[in-house]
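Participant: how does the following fold in three dimensions:
(one chain, ligands or ions: 1)
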Amino acid sequence: MAKERTLSIIKPDATRRNLTGKINAVFEDAGLSIVAQKRVQLSPAVAGAFYAVHKERPFYNDLVSFMISGPVVVQVLEGENAVAKNREVMGATDPKKADPQTIRAQFAESIEANSVHGSDSAENAANEIRFFFAETEILP
Ligand code: IDP
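Facilitator: Next up is the predicted model:
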């Protein structure tokens, strides 16, 4: 299979606890290369727009508040089957339901503060990468 890219976000609960390096090690050990990365403070407008698909969900406002509660690390991961591979190493949304070796099982605090975001399809990955990065910022 050809190389694929996906968008990852290390969320505020994880940056606050200095877990960026440990989470990046999980990605790299799984064969995913970090080909772009920046630490940013999301504004309410940017976080709201990024999660617009969840606008009608009851947890939307809390999710936006959480995502702006501290810096996040946005990244582009590249590798074979990167979208599915990243979802696999992230684990289920609810850390209580995630497989033990996954990032969320190891590090997440709750279903909301679950340490990482990862695109859920190749199409969403392309849109989410474009949302945060110019092509010139991605260096394979
Ligand atoms: P995913 O991140 O595993 O793809 P989504 O259903 O797309 O899960 O939800 C996006 C994010 O919204 C989750 O990662 C989590 O931070 C938050 N979230 C999802 N479900 C709930 C919930 O039931 N309560 C609170 N927050 C939630």
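Participant: flag every residue of this protein that's near the ligand.
Facilitator: 59, 63, 93, 111-112, 114, 117, 120 (Cβ under 6 Å from any ligand atom). Just so you know, the C-beta spots here come from the backbone N, C-alpha and C atoms, and that holds for glycine as well.
Participant: quick check on the residues you listed: which are buried?
Facilitator: Taking 16 or more other Cβ atoms under 10 Å as the criterion, what is buried in those is 63, 112, 114, 117.
Participant: and which of those residues is nearest the ligand?
Facilitator: Nearest to the ligand out of those is residue 112 (Cβ to the nearest ligand atom; 3.7 Å).
Participant: the closest one - that's part of a strand, no?
Facilitator: No - looking at residue 112 with DSSP: H, G, I helix; E, B strand; the rest coil, it is coil, so not inside a strand.
Participant: make 674 the starting number, not 1.
Facilitator: All set: I'll call the first residue 674, so the last point we hit is now residue 785.
Participant: might one say that it is in contact with residue 739?
Facilitator: Yes - the pair residue 785 / residue 739 is scored as a contact, 5.6 Å apart, by Cβ atoms under 8 Å.
Participant: count of residues packed around residue 737?
Facilitator: 21 (other Cβ atoms under 10 Å).
Participant: likewise the one 10 residues further on?
Facilitator: Residue 747 has 21 neighbours, counted by other Cβ under 10 Å.
Participant: same thing with the one 3 residues further on?
Facilitator: Around residue 750 sit 29 other residues, with neighbours defined as other Cβ under 10 Å.
Participant: is it possible to get a markdown table of the residues of the chain next to the ligand that adds pLDDT?
Facilitator: Output for the residues of the chain next to the ligand, formatted as a markdown table (pLDDT from 0 to 100):
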| residue | pLDDT |
| --- | --- |
| 732 | 98 |
| 736 | 98 |
| 766 | 98 |
| 784 | 98 |
| 785 | 98 |
| 787 | 98 |
| 790 | 98 |
| 793 | 98 |
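Participant: gap between residue 747 and the ligand?
Facilitator: Applying Cβ to the nearest ligand atom, to the nearest Å, the value for residue 747 to the ligand is 14 Å.
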